[in-house]
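S.K.: What shape does this take:
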Amino acid sequence: MAGEMQVSNKEALVKAHLPMVKRIAYHMMTRLPACVEVDDLVQAGLLGLLDAIDRFDCDQGANFETYATQRVRGAMLDELRDADWATRNVRRAGRQIENTINTLQQRHHRPPSEQEIATEMGLDIQAYFELLNDARGAQLVYYEDLHGADGDDFLERFADGQNQAPFDIMASSHFKGALAKAVSVLPEREMQLMGMYYEQDMNFKEIGAVLGVSESRVCQLHGQAIARLRGRLRDWSTNVD
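M.R.: Okay, the predicted model is just below:
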């Protein structure tokens, strides 16, 4: 009887949180190429939800919704990595933008403007925007793809040394603190955008209406903000023992 009740509770939790899984999947799809199937993300997310239900410990004081959301997103990102959907050119474009932003940040001790980034890369502003669009999607996993100069994966390296899983590293106060600090030094409009997109769950069209810009412009600003964050978090990862 207890077993039946446990199964019944699990089924109820899955049913109650299925809309959340679908919302996250469609949210991710706005940053992914057409070759990615939303159903694949939903299936991966459901596995993440089941994992969250099995692992959740209410005695730890955590909120299940928050915990499940992290597990669902993590499962979807794992699915994307396993599928290796991002082409080499997409990854290269993303890394090129990040490196340029980092170089200018260190040179001027402030976030560089779009025009400064484009000029440093030898591009006109329109060509830079096109490169941002090309890099779209590779930016999705910015805090789970931190590589040092020698190509090693920070999360795996740090997890090995601390006997922690990569997911636990991302959920740690150290990582969250580094991410919050990186967001706090974004240009104001990009910081507003990130808050609306990730905290208020607004889509690009809604954000564009608030900021008074087009949906495609919001997409560009989002890509640029992610590139800034990836670079800063990669710098942070090299200083973690």
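S.K.: okay, and for the protein, where does confidence drop off?
M.R.: Applying pLDDT under 70 to the chain flags residues 1-8, 31, 33-35, 59-61, 83-90, 136-175, 235-241.
S.K.: go with 50
M.R.: Low-confidence segments of the chain (pLDDT under 50): 1-5, 141-167, 169, 241.
S.K.: how about the strands of it, start to end?
M.R.: Taking DSSP state E to define them, one finds no strands in the chain.
S.K.: tell me the domain boundaries of it?
M.R.: The chain is divided into the following domains under automatic domain parsing: 2-83, 88-238.
S.K.: Please convert the ones you listed to a markdown table, extending it with mean neighbour count.
M.R.: Glycine gets a C-beta too; all of them are placed from N, C-alpha and C. Shown next, in a markdown table, are the domains of the chain (neighbours: other Cβ atoms under 10 Å):
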| stretch | mean neighbour count |
| --- | --- |
| domain 2-83 | 15 |
| domain 88-238 | 17 |
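S.K.: my guess is residue 71 meets residue 50, correct?
M.R.: No. In this structure residue 71 lies outside contact range of residue 50 using Cβ atoms under 8 Å: 9.1 Å.
S.K.: Just the CA trace of stretch 177-196, in CSV.
M.R.: This file holds the C-alpha atoms of stretch 177-196, laid out as CSV (Å, rounded to 0.1, in the frame of the first residue of the first chain):
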residue,chain,number,x,y,z
GLY,A,177,28.2,34.4,-6.0
ALA,A,178,30.5,34.5,-9.0
LEU,A,179,27.6,34.5,-11.4
ALA,A,180,25.7,37.3,-9.5
LYS,A,181,28.9,39.4,-9.5
ALA,A,182,29.3,38.9,-13.3
VAL,A,183,25.7,39.9,-13.9
SER,A,184,26.1,43.0,-11.7
VAL,A,185,28.8,44.5,-13.9
LEU,A,186,26.9,44.0,-17.2
PRO,A,187,25.9,47.2,-19.0
GLU,A,188,22.6,48.3,-17.6
ARG,A,189,20.4,47.3,-20.5
GLU,A,190,21.9,43.9,-20.7
MET,A,191,21.5,43.4,-16.9
GLN,A,192,17.8,44.4,-17.2
LEU,A,193,17.4,42.0,-20.0
MET,A,194,18.9,39.1,-18.1
GLY,A,195,16.6,39.8,-15.1
MET,A,196,13.5,39.8,-17.3
